[in-house]
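Q: Sequence plus the predicted model coming up.
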Amino acid sequence: MTTPDGNAAIIAAEAAHTSGVYPKRPVAIVRGEGARLWDADGREYIDCVGGQGAANLGHANPAVVAAIREQAATLISCPEIFHNDQRAAYMAELTAALPAGLERVFLCNSGAEAIEGALKLARLLTGRTNVVATVRGFHGRTMGALSATWEPKYREPFLPLIAGFAHVPYDKLDALEAAVTDQTAAVLIELVQGEGGVRPASPAYVEGVARLCRERGALLVVDEVQTGFGRVGALWASQIYGITPDLMALAKSIAGGMPMGAVAIHGRFGALPQASHGSTFGGGPLACAAARAALRELAERDLPRQAAEKGAYLAEQLRGLKLARVREVRGLGLLIGLELKERVQPFLAALMERGVLALPAGPNVLRLLPPLVIEYEQIDRVVAALAEVLA
């Protein structure tokens, strides 16, 4: 299906008014279904960008579409100064699916907002000010989230950032032990670093981080913005590693592609002080209806299991290529990274020419984040395209 305005016209129209902060690819995406996308000229692509992790259920998921349509005709906006049926139901359903002990949630609108909320709550609940994050960690670009993010090119234009943040090497427990003090409010980690190169943590490290936080009174804050909602082969990466965080940041695929985020809060803290945080749009009925449908789809279609099996198949096929340009294939579930021996950008462009959309994860890592509904035949086409461009 083509549009009256093709790629070139849409690109020109958007370029006239866009802020300029996004490095855009020369294509205008206008339609999606499952793991497929189409541009304005009618060309089809296999989507391994997956909405940067927001499209775990695929594009135009029928259950999510139906829930949005029905709720949009009923009630779109209702701030949390009032109770709401969709919000009440979603909070109950989400907490029932979370790791045991996470019994309350603060609802917001994005991953960066979830991280901001978790950082504020960590200070509020501990009375401490400092936060320890990790080298190569990425947590967002608002001022608090950016303070926890490591990448200098994101941070340096906005210095000074919030005081009290430190970064230690990832997956190195000795470095963390030296950094956590009696002034540390939180240790913030990803269980699989996404933008930092698709790097899964070792189980011993994660166990050690949880133990260290318990011993020293710091809160364990796990960023599951990208790893949550089935992406890594379980509903939560925390399940795979056998931990329950004190606070857990959620977003991306939480509402089937609708903007939404959440902070999951351990039940031992009880209800938070009134007016200690807030959001006008957080927990709105439309987003909650979409999120309820998304959570049902994940369970009824057993999509976390599909992610585990398809991810193992994809990684096996990629390793079997034995490509000289590839240093390592790594990841968890359908969060896969290929570490290259050269810069990744030319290969992303070459893949797009062959009908496959993919992401970078740092300067030399090619990241694959396909919807969990991707078909095996589509996986084979992705592997064939990678074999061709990386040969």
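A: That came through, no problem.

Q: give me every residue that touches residue 383.
A: Residue 383 makes contacts with 314, 317-318, 321, as judged by CB atoms under 8 Å, 6 or more residues apart in numbering. Where you see a C-beta, it was placed from the backbone N, CA and C, and this is true even at glycine.

Q: In strands, which of those residues appear?
A: Among the contacts of residue 383, the subset assigned to strands under DSSP state E is empty.

Q: Going by neighbour count, which of these comes out on top?
A: Scoring the contacts of residue 383 on neighbours with other CB atoms under 10 Å, the highest-scoring entry is residue 314 at 25 neighbours.

Q: can I assume that residue is in contact with residue 372?
A: No. Under the criterion of CB atoms under 8 Å, residue 314 makes no contact with residue 372, lying 11.8 Å away.

Q: circling back to that earlier point, sort out for me which of the contacts of residue 383 are in helices.
A: With helices identified by DSSP state H, the entries of those that belong to them are 314, 317-318, 321.

Q: Going by distance to residue 339, which of those residues wins?
A: Within the ones in helices among the contacts of residue 383, distances to residue 339 taken as CB to CB reach their minimum at residue 318, with 11.4 Å.

Q: so how far is residue 196 from the closest one?
A: 20 Å (CB to CB, to the nearest Å).

Q: follow-up on the earlier one: between residue 314 and residue 372, which contacts overlap?
A: Jointly contacting residue 314 and residue 372 under the rule CB under 8 Å, 6+ apart are residue 334.

Q: Can you say which helix or strand has residue 38 in it?
A: Assigned by DSSP states H and E, residue 38 belongs to strand 36-39.

Q: And for the very next helix or strand once past that strand, what's in contact with it?
A: Past strand 36-39, heading to the C-terminal end, the next element that is a helix or strand (DSSP H and E) is strand 44-47. For strand 44-47, contacts defined as CB under 8 Å, 6+ apart pick out 29, 32, 35-39, 55, 59, 352, 355-357, 370-371, 374, 378, 381-382.

Q: Out of the residues you listed, list just those in strands.
A: Those of the contacts of strand 44-47 mapping onto strands are 29, 32, 36-39, 356-357, per DSSP E.

Q: For the stretch 251-391 of the chain, just list every one of the strands.
A: 261-266, 326-332, 335-340, 356-357, 359-360, 365-368 (DSSP state E, counting those that start in this stretch).

Q: re earlier: show me which of the ones in strands among the contacts of strand 44-47 is closest to residue 170.
A: residue 357 (27.5 Å).

Q: what pairs with the strand holding residue 38, and is each one parallel or antiparallel?
A: The pairing partners recorded for strand 36-39 under DSSP bridges are strand 29-33 (antiparallel), strand 44-47 (antiparallel).

Q: In contact with residue 176, which residues?
A: Contacts of residue 176 (CB under 8 Å, 6+ apart): 132, 168, 187, 208-209, 212.

Q: Could you check which helix or strand contains the residue nearest the centre of the chain?
A: In the chain, the residue lying closest to the centroid (CA atoms, centre = their mean) is residue 226, at 1.9 Å. Taking DSSP H and E as the criterion, residue 226 maps to no regular element, lying outside all helices and strands.

Q: pretty sure it contacts residue 190?
A: Yes. Assessed by CB under 8 Å, residue 226 is found in contact with residue 190 at 7.5 Å.

Q: what about residue 222, distance to residue 237?
A: Relative to residue 237, and taking CB to CB, residue 222 is found at 8 Å.

Q: ok, the two, which is more surrounded?
A: residue 222 (30 against 27).

Q: Could you pull up the contacting residues of residue 28?
A: With CB under 8 Å, 6+ apart as the criterion, the residues that contact residue 28 are 6-7, 10-11, 14, 39-40.

Q: What is the neighbour count of the residue nearest to it when sequence neighbours are not counted?
A: Once flanking residues are discounted, residue 28 sits nearest to residue 10: 3.8 Å by CB to CB, 6 or more residues apart in numbering. Residue 10 has 18 neighbours, counted by other CB under 10 Å.

Q: Is residue 10 located within a helix, as I assumed?
A: Yes. In this structure, residue 10 lies within a helix as judged by DSSP: H, G, I helix; E, B strand; the rest coil.

Q: hang on, isn't it packed against residue 40?
A: Yes. Shown here, residue 10 and residue 40 form a contact pair, counting by CB under 8 Å, at 5.4 Å.

Q: related to what we said a few turns ago, only the buried members of the contacts of strand 44-47: can you turn that into a ChimeraX selection?
A: Here is the ChimeraX command that selects only those of the contacts of strand 44-47 that count as buried (16 or more other CB atoms under 10 Å):
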select :29,32,35,36,37,38,39,55,59,352,356,357,370,371,374,378,381,382
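
Q: Helices of the stretch 101-250 of the chain, residue ranges please.
A: With DSSP state H, counting those that start in this stretch as the criterion, the stretch 101-250 of the chain has helices at 111-126, 143-148, 152-155, 173-179, 203-216, 237-241.

Q: Does anything pack onto the shortest one? Which helices or strands?
A: Judged by 3 or more CB pairs under 8 Å, 6 or more residues apart in numbering; DSSP states H and E, the packing partners of helix 152-155 are helix 143-148.
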